[in-house]
Structures are given as structure tokens and as C-alpha cells.
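**Student:** sequence and predicted structure are below.
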Amino acid sequence: MNLIYTTVRSAKRKKLTITVERDSSIIVQAPEHATDEAIDRVVQAKRQWLHAKLKEAPKYQARPHAPGKEVVNGESALYLGQEYPITLSVAEAKEIIFERGFVVPAQDQVQARKSLRDWYGQQAKDVILPRVSRFANELGVHVAQTSIVDDKLRWGACTAKGNIRLNWRLIKAPMPVIDYVVVHELAHLLESNHTLNFWSIVRAKVPGAEKSKAWLKAHGQLLEEEI
């Protein structure tokens, strides 16, 4: 079976890395000077590993949103790994209030979902970004820029320029899972590939790394649902 992959070159990148995304696409990140022939040789050398990765069952299958899962009284939404009830408010408040549950201004579903999405985005900045600063300091690494992004393929990414990007949907996950993703990306500033040393760094900083990795594989789809 021929391997189809996408190459992304960067002047900042010194090493070539290969990743298999959640949608089974193969992404090769390479130094700007790397030739197509050199890149293909590396990919072909990894054929056995790549085919094994591609044969693995998808982490979760795409499926329609759960029936009845809407921003209405009696429903619930995830936050930091816990389900909290949704209550619609007829008060004049225009923003979501979180008090042991979500108090959402009564409005049409489109606007209600947008309000919840905006709230998640702000919470991701308030909760996750400080974790990046903390772990970066503990690992002794410099992060050029950290941002919360809308990415449907990755939970996080470390770019060749030293930027850390984290999916806003992580705010729905338990804090240990958030820490795992944060440290995983920061560790790439020390080890670009998933070497034994890379995993040693992650496990040393996040003792429950394997458990968190398994949680994402089993429950990641829940984070991708609208609410």
C-alpha cells in the first residue's frame, strides 16, 4: 500500500518528524532544506511503523450529536471532566454564569451554543495557559507564544518556532488530562520526536500520563461534541 503524506517545511525546524493524525493522515514536518527524495527515504524507512499505526482502530468514530443534547433546562455540559446541569435564565444577564452548574441566558439554540462555546474558550485561556507557564518553568523551556485554538485534528501542537497551541476543547477534560497534553507539547521543546527520553520527561512530570493518554483515546469524542 502506497503511503500518502503531507510535507510541511520550516526554516526553524532542525529535525524531521512524522505523525499520524486522528483522521489517519500522515504529516511530515521537515527542515526547509530537506529534499523530497530525502524525506521520502525517511518515510519509507518508517513504513512498517506507519502501516501499524494506520491499521489501528480509530480512537473514536465520527457520529451525530447525541439526540436531545441541547442547551435547555435539564441537560448538562462538561467542564473539567465533570457534568454540570444547565439552567436557562430569564434574567437580563447576557453572559453565562457558572455556579455549580451553567446558568445560560434564555435565547435561541444557535446563540446559546455560541455563548457556551465563548465561555469555554475564555475558561481555556484562564485555566490552561497558567498551566503552560508553570510546567514550562519547571521543565526549564522557553515558549515563544502560547495560544488556545480551534483545532479538530489535534489536542495540542508544538511548532518549529517554539509556539504551543492547545485545543480549547481540552477545558472539558479532567485536569490531569489537561496537564498531560500541556507537558506532552512542552516536552517537544526538549525532544522533537517521541523517543524514550521524551516519554521519560512526560512521565516524570505527569505520573498518570498513561492513564490520561488512555482517557483521551476512550473519551476524546465527548470533548468534541458541541456541549
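**Tutor:** Structure received.

**Student:** all strands for this structure, in order.
**Tutor:** 5-10, 17-20, 26-31, 76-79, 82-89, 97-98, 102-105, 145-149, 156-158, 163-167 (DSSP state E).

**Student:** who wins for proximity to E210 among those?
**Tutor:** Among these, strand 156-158 comes nearest to E210, with 17.2 Å by CB to CB. All C-beta spots, glycine's among them, are computed from the backbone N, C-alpha and C.

**Student:** okay if I get the strands of the chain as TSV plus distance to Y180 and mean neighbour count?
**Tutor:** Shown next, in TSV, are the strands of the chain (distance: least, CB to CB, whole Å; neighbours: other CB atoms under 10 Å):
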stretch	distance to Y180	mean neighbour count
strand 5-10	25	14
strand 17-20	17	18
strand 26-31	21	18
strand 76-79	17	18
strand 82-89	18	15
strand 97-98	24	14
strand 102-105	26	21
strand 145-149	16	16
strand 156-158	10	20
strand 163-167	12	21
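
**Student:** what are the contacting residues of stretch 147-167?
**Tutor:** Defining contact as CB atoms under 8 Å, 6 or more residues apart in numbering, one finds that stretch 147-167 is touched by 10-13, 21-23, 25, 29, 121, 124-125, 128-129, 132, 142-146, 168-170, 181-182, 184-186, 188-189, 216, 220, 224.

**Student:** let's see that stretch as CSV, backbone CA atoms only.
**Tutor:** Output of stretch 147-167 as CSV, limited to C-alpha atoms (Å, rounded to 0.1, in the frame of the first residue of the first chain):
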residue,chain,number,x,y,z
SER,A,147,-2.4,30.1,22.2
ILE,A,148,-5.8,28.5,22.6
VAL,A,149,-7.0,27.4,19.2
ASP,A,150,-9.9,25.7,17.4
ASP,A,151,-8.3,22.5,16.0
LYS,A,152,-10.3,19.4,15.1
LEU,A,153,-7.2,17.3,14.4
ARG,A,154,-5.0,17.8,17.4
TRP,A,155,-5.3,18.3,21.2
GLY,A,156,-2.1,20.3,21.1
ALA,A,157,0.9,21.2,19.0
CYS,A,158,4.4,22.4,19.4
THR,A,159,5.6,24.3,16.3
ALA,A,160,9.1,24.6,15.0
LYS,A,161,9.2,28.2,16.2
GLY,A,162,8.6,27.2,19.8
ASN,A,163,4.9,28.1,19.9
ILE,A,164,2.5,25.9,21.9
ARG,A,165,-1.1,25.6,20.6
LEU,A,166,-3.8,23.9,22.7
ASN,A,167,-7.3,22.9,21.7
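
**Student:** good, we can wrap up now.
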